[in-house]
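A.B. asks: Fold the stuff below for me.
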Amino acid sequence: MTDPAFIIAFVLVFIFSIYLGFTVGTYAGERAATSREYWVYNLIAFVACIVATAVLTLIPLLCSAPLGFLAGCFTGLKMGFGESSGPWKKFDRFFNVNKGHRARAARGSGEATRRARHKGKAAPDMISVAQESDAGQGASQGSGHAARKGTRKKR
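C.D. replies: I've put the predicted structure just below:
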């Protein structure tokens, strides 16, 4: 087990299992619409890791695969879910990362967005900036072109 070829293959299997876990986790995270579903997918990944570890302990080269898969799956689930939840909130706040995920969690708009994405619809607008009528539009609005210099109405 101290052979350099074994160590290199062991590390390569570990890295590949992280990638594979991230891919599976991202797919599952995009399917989760609620925080409850997100945590159920985390639990499923954890149990799968325990079962795979029990099975693969007989093959020394593959011992790192379940742990890499679990690490990749947890990260992929979080990225696919698109919102900070549970201990990830503290982690994101401490390292000041994933500001979009934290903002979505604070607004509470993540679940509606995920449900719409899951059904293939557009995400709901939280604020509308579209104007209903053409009344009061300036020279540049409505035509799609920039206003000429000096055409702005003065007060």
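A.B. asks: any idea where the helices of the chain begin and end?
C.D. replies: Using DSSP state H, the helices found in the chain span residues 4-31, 35-56, 65-81, 87-95, 99-107, 110-119.
A.B. asks: Could you pull up phi and psi at residue 83?
C.D. replies: Dihedral pair for residue 83: phi -150, psi 140, per degrees, to the nearest 10.
A.B. asks: residues near the closest residue to residue 16 other than its chain neighbours, how many?
C.D. replies: Closest residue to residue 16 apart from its sequence neighbours, by C-beta to C-beta, 6 or more residues apart in numbering: residue 68 at 7.6 Å. Using the backbone N, CA and C atoms, a C-beta is placed for each residue, glycine as well. Close neighbours of residue 68, defined as other C-beta atoms under 10 Å, add up to 21.
A.B. asks: still on that earlier bit, dump the helices of the chain into TSV; add mean pLDDT as well.
C.D. replies: Shown next, in TSV, are those (pLDDT from 0 to 100):
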stretch	mean pLDDT
helix 4-31	94
helix 35-56	93
helix 65-81	93
helix 87-95	81
helix 99-107	74
helix 110-119	70
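A.B. asks: Out of these, which is the most enclosed?
C.D. replies: helix 65-81 (a mean of 22; mean count of other C-beta atoms under 10 Å).
A.B. asks: which ones are touching residue 23?
C.D. replies: By C-beta atoms under 8 Å, 6 or more residues apart in numbering, the residues touching residue 23 are 72, 76.
A.B. asks: mind starting the numbering at 28 from now?
C.D. replies: Taking 28 as the first residue, the last one we looked at is residue 50.
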